[in-house]
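Participant: the amino acid sequence is not available; the structure is as follows:
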C-alpha cells in the first residue's frame, strides 16, 4: 500500500505559477509510475501528466503541454507538478496517483491522494 498526500494548491492569477507536491508513504515509489490527474467542476477526470518509474519517460495532455512539468525524486518519495502560465481553465482539483508496473503505457492507477484545489482567476 502507498499513501499519497498532495500539497501546493491555491489561488493564483492567470499567467502565474504553482508547484504541486505529492508525498508518498508506506512504500517506496521507485518502482511505480506516477501521474497527476485533475477534475474540474462538471467535467470528467483528466490525466494531466505522467512519469515512468525512472523519470525517463513523461507524457502530457495536449492542454498543458509546454506549460506543465512533472518530475520525481525517488530518494525523497516525492512527485511534483510545476505549472506555469496558468489559465482559468486549469482550475480543478488535482490528484496524485500511483500505478504499479512502472511504465506509463496502459498504466493502472491503483493509489490516489485526496486532492488539492487549484483556482486560477482571470
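Facilitator: Arrived safely, thanks for sending. Here the structure is a predicted model, which means the values were calculated and not measured. Residues are numbered from 1 along each chain as shown.
Participant: C-alpha from now on. contacts and neighbour counts both.
Facilitator: Will do.
Participant: output the contacting helices and strands for the helix or strand hosting residue 96.
Facilitator: Element membership for residue 96, per DSSP states H and E: strand 92-100. Packing partners of strand 92-100 (3 or more CA pairs under 8 Å, 6 or more residues apart in numbering; DSSP states H and E): strand 3-7, strand 32-39, strand 111-112, strand 116-121.
Participant: so what are the sheet partners of the third one and their directions?
Facilitator: Meaning strand 111-112. strand 92-100 (antiparallel) (DSSP bridges).
Participant: can you list contacts of the partner strand?
Facilitator: 4-6, 22, 29, 31-41, 107-119 (CA atoms under 8 Å, 6 or more residues apart in numbering).
Participant: buried among those residues? Make that a ChimeraX selection.
Facilitator: To isolate the buried subset of the contacts of strand 92-100 in ChimeraX, counting by 16 or more other CA atoms under 10 Å, use the following:
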select :4,5,6,22,29,31,32,33,34,35,36,37,38,39,40,107,109,112,113,115,116,117,118,119
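Participant: stretch 56-70 - what's its average pLDDT?
Facilitator: Across stretch 56-70, the average pLDDT comes to 97.
Participant: quick one, what contacts the residue positioned nearest the centre of the chain?
Facilitator: By CA atoms, centre = their mean, the chain has its centre lying nearest to residue 36, at 2.3 Å. By CA under 8 Å, 6+ apart, the contact list for residue 36 reads 47, 48, 49, 50, 81, 94, 95, 96, 97.
Participant: roughly how far does the third one sit from residue 67?
Facilitator: Translated: residue 49. In this view, residue 49 and residue 67 are 11 Å apart by CA to CA, to the nearest Å.
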